[in-house]
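Trainee: Here is a sequence with its predicted model. Questions after.
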Amino acid sequence: MYDAPPLIPSINAKIALNKKTDVRLSYARGFRAPILRELYFNFFDANHSIQGNPDLKAETSNSYMASISHNYEPSQKLTLSSSIAGFYNSFKNFIDLYGFRDANNNDVFSCFNRNNHKTVGGTFENNLVWKKLTANIGASYIGYYNEYRQNETLKGDRSAFAWSPEINANIAYQLTKLKAASDFITNSPAKYLPIFKIIITKSCCRKEMLFIGQTLQLPGNYLNTSPCRRV
């Protein structure tokens, strides 16, 4: 049903600038055929309206990534590492789940293909290990492409990308006497995620995706303590 390529290429390279600094470059070609649930699964009850889409096409992609990392050990008890990475992903016939109103004006969710979809962004990660303490802090800035920005007949935000910033932190400490480990994880500040909407004409034959704005995801944090024992 789907013509999968006989080979899916990928290239990875690592360049050691010195003993503590590495540069990594990668390219990968992707292929994903729709799974059975996306094609034929139908489920309707009081709380769910999910419909399969047997017309889905296979998804293909090209992914590029570059990063540089540095490790620093000022002492035997202290280790520091940092990395900066950038990426670009381009999809054709990207498979995603959307909600729409059918001919009977009912809200239904189903999977559709986007003609084009892109993501671009970067990450900055830092790691510290000192005695029994481990800390991680990082930031990311990711953009999601709006393929309908050039269609003047549609309303909504026409920005090329909807950007989502995020800062995250994770602190863990080993409690030796209690034989436990405690973690504190936080995501801050709040990040903005893109909202897309499926538009179906009265004939229910033509489907279009429109970027209509962004939704705010509030920051969150939690404290977790779990027992552990070395074996």
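Mentor: Received, thanks. Everything quoted here is computed from the prediction, not taken from an experiment. Numbers count the residues shown, from 1 in each chain.
Trainee: For the chain, give me the ranges with low pLDDT.
Mentor: The chain contains residues with pLDDT under 70 at 148-158, 175-231.
Trainee: just the strands in this protein please.
Mentor: 10-16, 21-32, 43-44, 49-50, 59-75, 78-101, 107-130, 133-145, 161-175, 180-187, 191-200, 207-217, 220-227 (DSSP state E).
Trainee: ok now the fifth one, how far from the chain's centre?
Mentor: Going back to what we said before, that points to strand 59-75. 16 Å (CA atoms, centre = their mean, to the nearest Å).
Trainee: Residue 30 reaches residue 64, doesn't it?
Mentor: No - taking contacts as CB atoms under 8 Å, residue 30 lies outside contact range of residue 64: 11.6 Å. For every residue, glycine as well, the C-beta is placed using N, CA and C.
Trainee: for stretch 79-90, which positions count as buried?
Mentor: Neighbour counts over stretch 79-90 (16 or more other CB atoms under 10 Å) mark 81, 82, 83, 85, 87, 89, 90 as buried.
Trainee: Equivalent analysis for stretch 72-81, please.
Mentor: Those buried within stretch 72-81 under the rule 16+ other CB under 10 Å are residue 81.
Trainee: Likewise for stretch 98-118?
Mentor: In stretch 98-118, counting by 16+ other CB under 10 Å, buried: 98, 100, 108, 110, 111, 112, 113, 114, 117, 118.
Trainee: what about it, start to end distance?
Mentor: With CA to CA, to the nearest Å applied, stretch 98-118 spans 17 Å between its terminal residues.
Trainee: For residue 63, name its beta-bridge partners.
Mentor: residue 28, residue 89 (DSSP bridges).
Trainee: residues touching it, list them.
Mentor: Applying CB atoms under 8 Å, 6 or more residues apart in numbering to residue 63 gives the contacts 26, 27, 28, 29, 30, 87, 88, 89, 90.
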